[in-house]
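Q: Let's see this in three dimensions:
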Amino acid sequence: MLVTDILFILARFWSCNSSLFNDWAMGLIIKESQFDSHISKRFHLLQNVQNQSKGVAEFIYLGTLISNDNSIEKEIQKRILAGNRTYFAAISLFRSRLLSRATKIILYKTLIRLVVSYGVEAWTMTKKDEQALLAFERKIFRRIYGPKYENGEWKSRTN
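A: From the prediction side, this is the model:
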């Protein structure tokens, strides 16, 4: 509803022909025309900006990689790399012989797993994505548990 429609309804309702009402109504009509002019200028400016802007394939929002094809693979790889950085930042703790394996697993769950699983609620994972996350977890557990001694030989653990 425009201001002029509202004024017409008010004038009819109040049956008012006083000059005070007419002056007030004219002021509103003038302000409406100024407002319309201002809006049309903003609309044209917005149209120009939209014509000049280009879309992006992906961007980071609140630490999460958003892509235009809604793929989560790159985000998972980014999270796994962040988990690796976290592991190597705390590698002295994970290599320490003073800490038990149980303590190292608690460190993994409180430090690394939280970094890797940030934003997981919004992910729609495929089997490939799930396998990548499980492979990363097994890699960290192999490093925590270390090699095993079998038949007089030290063997590294495998998946």
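Q: Helix or strand next in line after the worst-scoring helix or strand of the chain on mean pLDDT, which one?
A: Lowest by mean pLDDT, DSSP states H and E among the helices and strands of the chain is helix 19-52, with a mean of 54. Following helix 19-52 in sequence order, the next helix or strand is strand 58-61 (DSSP states H and E).
Q: Note down every partner strand of that following strand and its orientation.
A: Using DSSP bridges, the strands paired with strand 58-61 are strand 64-67 (antiparallel).
Q: which of the residues in the strand it pairs with are buried?
A: residue 65 (16 or more other Cβ atoms under 10 Å). (C-beta placed from N, C-alpha, C; glycine too.)
Q: Buried residues of the helix or strand following that strand, list them for me.
A: Next in sequence after strand 64-67, counting helices and strands by DSSP H and E, comes helix 73-89. Within helix 73-89, the residues that qualify as buried are 75-76, 79-80, 83-84, 86-87, counting by 16+ other Cβ under 10 Å.
Q: what mean pLDDT does helix 73-89 have?
A: Helix 73-89 carries an average pLDDT of 92.
Q: That helix - contacts with which helices or strands?
A: Judged by 3 or more Cβ pairs under 8 Å, 6 or more residues apart in numbering; DSSP states H and E, helix 73-89 is in contact with strand 64-67, helix 113-116, helix 127-145.
Q: 10 Å instead, please
A: strand 58-61, strand 64-67, helix 91-95, helix 113-116, helix 127-145 (3 or more Cβ pairs under 10 Å, 6 or more residues apart in numbering; DSSP states H and E).
Q: For the last one, give me every contacting residue.
A: In this case it means helix 127-145. For helix 127-145, the external contacting residues (Cβ atoms under 10 Å, 6 or more residues apart in numbering) are 71-73, 75-77, 79-81, 83-84, 86-87, 91, 94-95, 99, 101-105, 107-108, 112-113, 116-117, 120, 123, 125-126, 148, 156-159.
Q: nearest spatial neighbour of residue 78, skipping sequence neighbours?
A: Excluding its sequence neighbours, the residue lying closest to residue 78 (Cβ to Cβ, 6 or more residues apart in numbering) is residue 65, at 5.7 Å.
Q: can you pull up the bridge partners for that neighbour?
A: Beta-bridge partners of residue 65, as defined by DSSP bridges: residue 60.
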